[in-house]
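Enquirer: got a sequence here, can you build the structure:
(2 chains)
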Amino acid sequence: MIANYGYKDGSGEYYISIDTDKCIGCAAGRACLTACPKQMFEIITDDYDDEVAWIKKPNCRTLAYDCSECKPAGGYSSLPCIAACTPGAIKHSW
Amino acid sequence: MITAGIDMGSRTVKVVLLEELKVDGAPQLKYGIKKVHIMMPGELDQDQAADKAYDDALAAAGLKREDVKAVFATGAGRKQVGFATEGITEMTAGARGAVYMYPQARTVVDVGAEEGRGMKTDAEGRAIDFAGNEKCAAGAGSFAEAMSRALQMTLKEFGEASLKSDKTIPMNAQCTVFAESEVVSLIHASTPKNDIAKAVLDAVASRVCAMVRRVGIEGEVVLIGGMVHNAGFVQALKISMGVDTISLPDMPEYISALGCALIAAERQNS
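Expert: Here you go, the predicted structure:
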């Protein structure tokens, strides 16, 4: 499942997508949990009893600001969460 | 076997009691809806409202709590349903319920009071891709309701009024609060109410459509949630999504509760 966490507002579309099929049985040792300086990622048991990462609820409403530390003024190619997720489950929409 | 699904939404509590039907020789288990019940919490806390809605549904069906094998809860307040055996997300419940009603459905749009979301689903009703809007109410029913209040119309009148307009007035504000001030400006500019109603519902549809496009539009499209009752919104969504038809269930507000009850039954049988 591709889970899109985030929102669209007047300034743009801010979603972090997590491909849960790649996330289940993480080969990177859940590196996203520590890679994100804001610690936005959390491991939950989803509706199908699989352990997957998601974005903590309060962060889903403030992604544009929370992620700004890692991608100042755009064009930032190496985000800590994406780099840490070696299975390639994490994507940013902006 | 009886199972229950409870959708604890931000405005209403929906309960579906589902009965497993014994059909000799049928390759798959069949289910029948035994009772549906909807309640506005009013003065009650969420946990009290869940209790009352559930007890009222059971009483109407002539059942007791011990007759129900499993109770699954969904919705924004699912964690407040203390007696639920399990809680599942709105995406999983909505997708399962929609595909049960429309087996060809692959795109499910759920627009309730507080939040709108789009899901892509497989043939088994399992959500395979979803997007919601965690931040803003402007893509949900409460926004349309607030705007109908500003025009001093009921929600039904609001939807019908929008169908009488053929004007396109863009609403630029993304926030409910600012959008309301845009509506007030349109009222002061003597813009006909029908045109304002259409502008508002076009804006809601456009925001919902943006979420659905994130997951992609595929196969039969089903709209669930209370906004199905708003004819103007349905029409605006069709145009925004570029589809000729959107399937509309008879009891759109119960689909997530139905999905819950189905998943509860399937897990009991697995």
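Enquirer: residue contacts, the spatially most central residue of chain A?
Expert: By Cα atoms, centre = their mean, the mean C-alpha position of chain A lies nearest to A:I16, the distance being 4.8 Å. Each residue near A:I16 by Cβ atoms under 8 Å, 6 or more residues apart in numbering or on different chains is listed here: A:4-6, A:55, A:63, A:67, A:81, A:90-93. C-beta here means a position set from N, CA and C on the backbone, and glycine is covered the same way.
Enquirer: among those, which ones lie close to chain B?
Expert: Among these, the residues within reach of chain B (Cβ under 8 Å from any Cβ of the partner chain) are A:4-6, A:93.
Enquirer: relative to the whole chain's centre, how far out is the helix or strand hosting the residue nearest to the centre of chain A?
Expert: In this structure, A:I16 is located in strand A:12-19 according to DSSP states H and E. For strand A:12-19, the separation from the chain centroid amounts to 8 Å (computed by Cα atoms, centre = their mean, to the nearest Å).
Enquirer: buried sites along the following helix or strand past that strand?
Expert: For strand A:12-19, the following helix or strand on the C-terminal side (DSSP H and E) is helix A:20-23. Of the residues in helix A:20-23, A:20, A:22-23 count as buried by neighbour count, 16 or more other Cβ atoms under 10 Å in any protein chain shown.
Enquirer: next SSE downstream of helix A:20-23?
Expert: Read in the C-terminal direction, the helix or strand following helix A:20-23 is helix A:32-35, with elements assigned using DSSP H and E.
Enquirer: report the distance from that following helix to the chain centre.
Expert: Helix A:32-35 sits 10 Å away from the centroid of its parent chain (Cα atoms, centre = their mean).
Enquirer: B:C209 is in contact with B:K238, isn't it?
Expert: No - counting by Cβ atoms under 8 Å, B:K238 is not a contact partner of B:C209; they are 9.9 Å apart.
Enquirer: between these two, tell me which one has more neighbours.
Expert: Set B:C209 next to B:K238 and count neighbours by other Cβ atoms under 10 Å in any protein chain shown: B:C209 wins out with 22 against 17.
Enquirer: skipping adjacent residues, who's closest to B:T89 in space?
Expert: Distance criterion Cβ to Cβ, 6 or more residues apart in numbering or on different chains; nearest residue to B:T89, sequence neighbours excluded, is A:D47 at 5.6 Å.
Enquirer: that's all I had, so thanks and see you.
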